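Enquirer: predicted model, plus sequence, below.
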Amino acid sequence: MLDIVWLVPALPLAGFLLLLLGGRKLGEPLAGWLATAMCFGSFVTTVVVFFGLLDRPAEERHFTKTLFEWLPVGGLQVDLSFLADPLSITMALFVTGVGTLIHLYSVGYMHGDAGFPRYFVYLNLFVFSMLMLVLGGNLLVTFLGWEGVGACSYWLISFWFGSKANASAGKKAFVTNRIGDWGFMVAMFLAFATIGSINYSDLFASAADGKLAAVTATAIALLLFVGAVGKSAQLPLYLWLPDAMAGPTPVSALIHAATMVTAGVFLMTRVNPILAAAYDWAPDTIAWIGALTAFFAATIAVAQNDIKKVLAYSTVSQLGYMFLAVGTGAYVAAIFHMVTHAFFKALLFLGSGSVIHGMHDEQDMRKMGGLRKFMPITAATFIVGWLAIAGVPPFAGFWSKDEILLAAYDVHPVLWVVGLVTAFLTAFYMSRQVFMVFFGKPSWEEAEAHEAAAVEVEAEATDEATEPEPVAVEAAHHDHPEPHESPWLMTVPLVVLAGLAVLGGAINLPFNHDFKLLEQWLEPVVGASEVHIDVATGTKVALAVLAVALDVVAIAVASVIYLRRRVKPIEPKVLEHAWYYDEAVTAFVGGPGEAGFEGVAAFDRNVIDGAVNGVATSVRGTGRVLRLAQSGFVRSYALGITAGVVVVLGYFLTRLSF
Amino acid sequence: MLAETLHVTPAWYLVLGSLLFGIGAVGLLVRRNPLVMFMCIELMLNAVTLTFVTFSRMLDDIGGQTVVVFVLVVAAAEVVVGLGIIVALLRKRPEATADDLALLEG
């Protein structure tokens, strides 16, 4: 049963190839259905493999499927192999599961788009790459997927490449990710140079034997973390993720919230034995960067007005939580939060996509309000997502976030405080978003009033062609700004994800060991390096109560400000501009950075190329001088030969004689 | 008697060879007519051939004479080619000297 693990990535690959060759011919909606079916098939296969693993005793739950020898070069042996173990199958399950739902949603969302088949080509390629990343049996296969998801992310961010902003957002994501990829590659080289293999099994064996020097382990772990920082949008490389919202909203949900951006967390969890063999300050660095990112991004999210930007910064913040968990050694909590986050953040993104769809491509939250009457299903599911991310029990986010805060509390109180403040901010900005979008007075009418004249002309122009009656024109005009609920294709995934966001916490309830299903399941992979939290039950309960109380306070404060409008909102410009970090980086790269690169380019042009060209010039110059000897006069050649003979003869005669 | 007083030793042949060689070399340097220059080269070649034969006799080694046979064959072939070129040249430009034929200068 485990043998079919290769089918998991093969099905989306087949979908990709089919769509690439015949996508245009299939057209809408068949191309979308094919892609969805392939993703669903992959999900079913993963479930089969999951049960296959479950059949085995805990310590035998790993299976390597080698398809073929990929790169046999000297001492380097790289196979195209898949590693099925609890960690990779957990990832594959939610990648394919959430992926299928988002494919389904996309069929509705991308309706009428000229690039419909092209969109699904990318989407299936993405799922394939993500599964290669997750299932890879060595660092290189993982890297293949790593680069594949990066490329798909680039294509999908700049999917509507007609606008320059979208195209440059894609480029920004790609270039920023390259910085991280550098770390990944150097880590791979280092692993091969020191251990002689890049297979996970060999790496972990040498880490477990204690053969791996702490300094090497630290270097490999931190270099891989550089890669993770780029892919998972942590400080200082988070810049690309908010801009990545230029892509279609389902892409934001799938790639930039649920799956790809969690690849960094997955990678760090995957290499947990190496992290355990490293110096203590290596995981501490990861924890601190995670905590700071979580806090930093949460403060920015408070002052954003674009419905997707809020969610983007929220994603950065939640990823920070996951790295905080990884850094404190709470790998189970990290994966737990990754799974629940995939549910509720995909839900929130798809919900925002539904709102944008219903509001006719309006993304500014200040122009929304009162939408729950017009879009009941979207509103209900979005509210579930809100409660889940805010950490209100018993929704999924509460359980996973609480685990992380507990681990942070155990390691360092300051980390815990930062996490707690972030939790407060999270509850606050998500409440702000929900109140601004779904509650309060509808405010799109005032906003639309300004554009009314333009719309009317447009409406008349379009309607007169079919229905010249003035009454119909009037009706059409009133219809246009009114939001509407999305089609069933979009609401069904919302409802399913909402169900998961409610129940997702059930996979790892903290009451006693029997309820910690995820922890038992992941035990063979992370058990050796997992932190053992030694906190009394009373303290645990107190911490949880404190966190929930803070959440409630945050929601209350947000309702006072944004629902009842009692207090004027404080949204400092510095937060709206994301602490001016983006501007600072732009200014730096555009100013001294560009000058520096120009300098490097000039060095390359003048010194490196100059040396090469200089050799050629000097050879040509010498040749020009020497050429003069070739006069073409036979007699001068003869004179030269004679003179030469005389000299040679003279030399020998003086030496030989007497 | 002339034959008694005048002993022709191998040195005579060597001197004759070097004289011929010198005449050839100087002729090659000072004359401009391609045909004459070519004859000078032949003169130098035959001077060397004479030397070979002389040494072959002096050292009682057949090798020198063997080389001469080879040189004769090669020289015959070379003369065919060389003369062919020169005749063709002079037909096209009857007044040409060696210095005029300097088209292959660098």
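Expert: Okay, I see it. Numbering: from 1, shown residues only, chains lettered A, B, ... in the order given.

Enquirer: residue ranges with poor pLDDT in chain B?
Expert: Counting by pLDDT under 70, chain B contains low-confidence residues at B:1-4, B:106.

Enquirer: got the residues of it near chain A?
Expert: Applying C-beta under 8 Å from any C-beta of the partner chain, we find that chain B lies next to chain A at B:25, B:28-29, B:32, B:37, B:98-99, B:101-106. Every C-beta, even on glycine, is put in place using the N, C-alpha and C of the backbone.

Enquirer: now the residues you listed as JSON lines including secondary structure and neighbour count?
Expert: Below are the residues of chain B next to chain A laid out as JSON lines (DSSP: H, G, I helix; E, B strand; the rest coil; neighbours: other C-beta atoms under 10 Å in any protein chain shown):
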{"residue": "B:25", "secondary structure": "helix", "neighbour count": "20"}
{"residue": "B:28", "secondary structure": "helix", "neighbour count": "23"}
{"residue": "B:29", "secondary structure": "helix", "neighbour count": "14"}
{"residue": "B:32", "secondary structure": "coil", "neighbour count": "14"}
{"residue": "B:37", "secondary structure": "helix", "neighbour count": "22"}
{"residue": "B:98", "secondary structure": "coil", "neighbour count": "22"}
{"residue": "B:99", "secondary structure": "coil", "neighbour count": "13"}
{"residue": "B:101", "secondary structure": "coil", "neighbour count": "15"}
{"residue": "B:102", "secondary structure": "coil", "neighbour count": "13"}
{"residue": "B:103", "secondary structure": "coil", "neighbour count": "6"}
{"residue": "B:104", "secondary structure": "coil", "neighbour count": "9"}
{"residue": "B:105", "secondary structure": "coil", "neighbour count": "11"}
{"residue": "B:106", "secondary structure": "coil", "neighbour count": "11"}
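
Enquirer: residue A:69: what secondary structure?
Expert: strand (DSSP: H, G, I helix; E, B strand; the rest coil).

Enquirer: again with residue A:528
Expert: Here residue A:528 is recorded as coil under three-state DSSP.

Enquirer: for it, give its distance to residue A:27.
Expert: Noted for residue A:528: a distance of 52 Å to residue A:27, by C-beta to C-beta, to the nearest Å.

Enquirer: now residue A:498
Expert: Using C-beta to C-beta, residue A:498 is found at 32 Å from residue A:27.

Enquirer: contacting residues for residue A:54?
Expert: Neighbouring residues of residue A:54 by C-beta atoms under 8 Å, 6 or more residues apart in numbering or on different chains: residue A:61.

Enquirer: just the pLDDT for it.
Expert: Listed pLDDT for residue A:54 reads 89.

Enquirer: and the helix or strand harbouring it, what's buried?
Expert: Using DSSP states H and E, residue A:54 sits in helix A:30-55. In terms of neighbour count (16 or more other C-beta atoms under 10 Å in any protein chain shown), helix A:30-55 has its buried residues at A:30-32, A:34-36, A:38-43, A:45-46, A:48-50, A:52-53.

Enquirer: do the same with stretch A:159-169
Expert: The neighbour-count criterion (16+ other C-beta under 10 Å) identifies A:159-160, A:166-167, A:169 as the buried residues of stretch A:159-169.

Enquirer: adding distance to chain B, pLDDT and secondary structure, write these out as JSON lines.
Expert: JSON lines is the format used below for the buried residues of stretch A:159-169 (distance: C-beta to the nearest C-beta, whole Å; pLDDT from 0 to 100; DSSP: H, G, I helix; E, B strand; the rest coil):
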{"residue": "A:159", "distance to chain B": "63", "pLDDT": "91", "secondary structure": "coil"}
{"residue": "A:160", "distance to chain B": "64", "pLDDT": "90", "secondary structure": "coil"}
{"residue": "A:166", "distance to chain B": "62", "pLDDT": "90", "secondary structure": "helix"}
{"residue": "A:167", "distance to chain B": "56", "pLDDT": "90", "secondary structure": "helix"}
{"residue": "A:169", "distance to chain B": "61", "pLDDT": "90", "secondary structure": "helix"}
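
Enquirer: which one among those residues gets closest to residue B:44?
Expert: Checking the buried residues of stretch A:159-169 against residue B:44 with C-beta to C-beta, the nearest one is residue A:167 at 80.0 Å.

Enquirer: check which helices and strands the top helix by length along chain B is in contact with.
Expert: Ranked by residue count under DSSP state H, the longest helix found in chain B is helix B:62-92. For helix B:62-92, the packing partners by 3 or more C-beta pairs under 8 Å, 6 or more residues apart in numbering or on different chains; DSSP states H and E come out as helix B:34-59.

Enquirer: for the closest residue to residue A:76 other than its chain neighbours, phi and psi?
Expert: Using C-beta to C-beta, 6 or more residues apart in numbering or on different chains and skipping the chain neighbours, the partner closest in space to residue A:76 is residue A:192 (6.3 Å). Per-residue torsions, residue A:192: phi -70, psi -40 (degrees, to the nearest 10).

Enquirer: got the CA positions of stretch A:493-509 in PDB?
Expert: Provided in PDB are the C-alpha atoms of stretch A:493-509 (Å, rounded to 0.1, in the frame of the first residue of the first chain):
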ATOM      1  CA  PRO A 493     -15.100  25.100   0.300                       C
ATOM      2  CA  LEU A 494     -15.900  27.800   2.800                       C
ATOM      3  CA  VAL A 495     -18.300  25.700   4.700                       C
ATOM      4  CA  VAL A 496     -15.900  22.700   4.700                       C
ATOM      5  CA  LEU A 497     -13.000  24.800   5.900                       C
ATOM      6  CA  ALA A 498     -15.200  26.400   8.500                       C
ATOM      7  CA  GLY A 499     -16.000  23.000   9.800                       C
ATOM      8  CA  LEU A 500     -12.300  22.100   9.900                       C
ATOM      9  CA  ALA A 501     -11.500  25.400  11.700                       C
ATOM     10  CA  VAL A 502     -14.000  24.500  14.400                       C
ATOM     11  CA  LEU A 503     -12.900  20.900  14.800                       C
ATOM     12  CA  GLY A 504      -9.300  21.100  13.800                       C
ATOM     13  CA  GLY A 505      -8.200  21.400  17.400                       C
ATOM     14  CA  ALA A 506      -9.400  17.900  18.100                       C
ATOM     15  CA  ILE A 507      -6.300  16.400  16.600                       C
ATOM     16  CA  ASN A 508      -4.300  17.400  19.600                       C
ATOM     17  CA  LEU A 509      -6.200  18.100  22.800                       C
END
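
Enquirer: contacts for it, please.
Expert: Counting by C-beta under 8 Å, 6+ apart, A:98, A:101-102, A:104-105, A:332, A:336, A:339-340, A:343-344, A:346-347, A:350-351, A:354, A:377-378, A:380-381, A:384-385, A:388, A:394-400, A:403, A:515-519 sit against stretch A:493-509.

Enquirer: the strands in the stretch 201-350 of chain A, which residues?
Expert: Read by DSSP state E, counting those that start in this stretch, the stretch 201-350 of chain A holds no strands at all.

Enquirer: got the residues of chain A near chain B?
Expert: A:626-635, A:638-639, A:642.

Enquirer: go with 10 Å
Expert: A:623-624, A:626-636, A:638-639, A:641-642, A:645 (C-beta under 10 Å from any C-beta of the partner chain).

Enquirer: buried ones only from the residues you listed, please, as a ChimeraX command.
Expert: Selecting only the buried entries of the residues of chain A next to chain B in ChimeraX, with 16+ other C-beta under 10 Å as the criterion:
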select /A:631,633,634,635,638
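
Enquirer: picking up where we left off before, looking at the contacts of stretch A:493-509, which are in helices?
Expert: Per DSSP H, these map to helices at A:98, A:101-102, A:104-105, A:332, A:336, A:339-340, A:343-344, A:346-347, A:350-351, A:354, A:377-378, A:380-381, A:384-385, A:388, A:396-400, A:403, A:517-519.

Enquirer: give me the distance between the closest residue to residue A:277 other than its chain neighbours and residue A:275.
Expert: Among residues not flanking residue A:277 along the chain, residue A:217 sits closest, at 3.9 Å (C-beta to C-beta, 6+ apart). Relative to residue A:275, residue A:217 is positioned 8 Å away (C-beta to C-beta).
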